[in-house]
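Undergrad: need a structure here:
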Amino acid sequence: MVTQEQRRRQLAREKFLRQQQRRTSARRKSRMRNAAIASVLGVILIGSVALYTTGVVLGDDDSKTNAGAEVTPSASAPSKAPDPCEKPAEGKVKPQTWKKEPAMTIDKSAKYTMKLATTCGDIDIALKGDAAPHTVNSFDFLAGKGFFDHTPCHRLTTNGIYVLQCGDPTGQGNGGPGYTIPDENLKDKSLKSNSYPAGTVAMANTGQPNSGGSQFFLVYQDSPLPPSYTPFGTISDEGMTVLKKIAEAGESTGQGDGAPNATVVIDKATVTKS
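TA: Numbering: from 1, shown residues only. Coordinates of the predicted model:
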């Protein structure tokens with residue numbers, strides 16, 4: 001015979017079991033629902049990524065196609081100007097140095113001209129033998145030895161001063177004949193107002209007095225410079241045309257001071273007495 005208390009306990013246990021079953025069933029359904037939602041979200045996410053990736057690729061190609069079809073392409077950046085000069089003549093620089101300045105052999109009362117046969121054209125220079133005899137004598141000596149033949153003009157300035165510098169057999173700006181010559185003609189009337197006029201040919205130096213060697217510069221436009229560089233020649237009109245052609249091609253750095261873009265090489269230098 002089941003007592004009332006036993007019956008009450010049995011009913012309570014059955015009620016507890018039914019609650020547990022309902023909770024278990026609810027948790028199972030919840031897990032299934034969450035799994036289904038996660039699966040759907042995963043499919044959506046994968047599809048979105050695929051669409052996005054495909055869209056980027058198509059967007060690139062599409063924009064390129066449209067750019068070609070609908071927009072006129074802009075002109076490409078201008079390339080380096082064509083070299084206005086010819087190829088250098090066959091031959092090599094002769095490394096030559098001397099221990100002292102050559103003996104004076106020129107006639108100071110005679111007229112001397114120097115022709116620079118360059119890859120860009122001939123540059124004729126009337127030399128000032130009477131005003132700069134040491135300089136002209138040195139050039140006569142060096143030209144006779146073939147010192148300048150096949151040497152490049154290594155420096156062009158296009159900002160502040162306007163000169164083409166030549167006469168270095170190394171092409172680096174630090175070469176010379178092994179000797180130096182004295183400064184001359186620094187009170188030339190052409191050097192008024194601390195300016196070297198276009199057409200002047202003058203000696204380069206180290207910045208120290210009497211330090212000129214073989215390097216010289218040709219002025220293609222009036223240039224403000226102190227009278228510290230021996231002026232020893234004047235360029236002919238035809239030579240100025242060649243020089244300006246070289247200057248118009250510009251220099252390599254874009255900063256106004258560097259190697260000329262034109263291939264300027266002195267194929268042959270000749271000094272002639274008349």
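
Undergrad: buried residues in stretch 96-115?
TA: Within stretch 96-115, the residues that count as buried by 16 or more other Cβ atoms under 10 Å are 101-102, 106, 112, 114-115. Bear in mind the C-beta positions are built from the backbone N, C-alpha and C, glycine included.

Undergrad: hmm, I was thinking of stretch 219-228
TA: 219-221, 223, 225, 227.

Undergrad: how about that stretch as PDB, C-alpha atoms only?
TA: Taking C-alpha atoms only, stretch 219-228 is exported to PDB below (Å, rounded to 0.1, in the frame of the first residue of the first chain):
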ATOM      1  CA  VAL A 219      81.000  81.000 -71.900                       C
ATOM      2  CA  TYR A 220      77.800  80.700 -73.900                       C
ATOM      3  CA  GLN A 221      75.900  83.400 -71.900                       C
ATOM      4  CA  ASP A 222      77.100  86.400 -69.900                       C
ATOM      5  CA  SER A 223      78.100  84.900 -66.500                       C
ATOM      6  CA  PRO A 224      78.700  86.800 -63.200                       C
ATOM      7  CA  LEU A 225      82.200  85.800 -62.100                       C
ATOM      8  CA  PRO A 226      85.000  87.500 -60.300                       C
ATOM      9  CA  PRO A 227      88.100  88.300 -62.500                       C
ATOM     10  CA  SER A 228      90.000  85.300 -61.300                       C
END
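
Undergrad: Identify those among the buried residues of stretch 96-115 that sit within helices.
TA: Within the buried residues of stretch 96-115, no residue falls in helices by DSSP state H.

Undergrad: Turn these into JSON lines, including pLDDT and distance to Phe147.
TA: Formatted as JSON lines, the buried residues of stretch 96-115 follow (pLDDT from 0 to 100; distance: Cβ to Cβ, whole Å):
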{"residue": "Glu101", "pLDDT": "98", "distance to Phe147": "14"}
{"residue": "Pro102", "pLDDT": "98", "distance to Phe147": "11"}
{"residue": "Ile106", "pLDDT": "98", "distance to Phe147": "16"}
{"residue": "Tyr112", "pLDDT": "98", "distance to Phe147": "16"}
{"residue": "Met114", "pLDDT": "98", "distance to Phe147": "12"}
{"residue": "Lys115", "pLDDT": "98", "distance to Phe147": "15"}
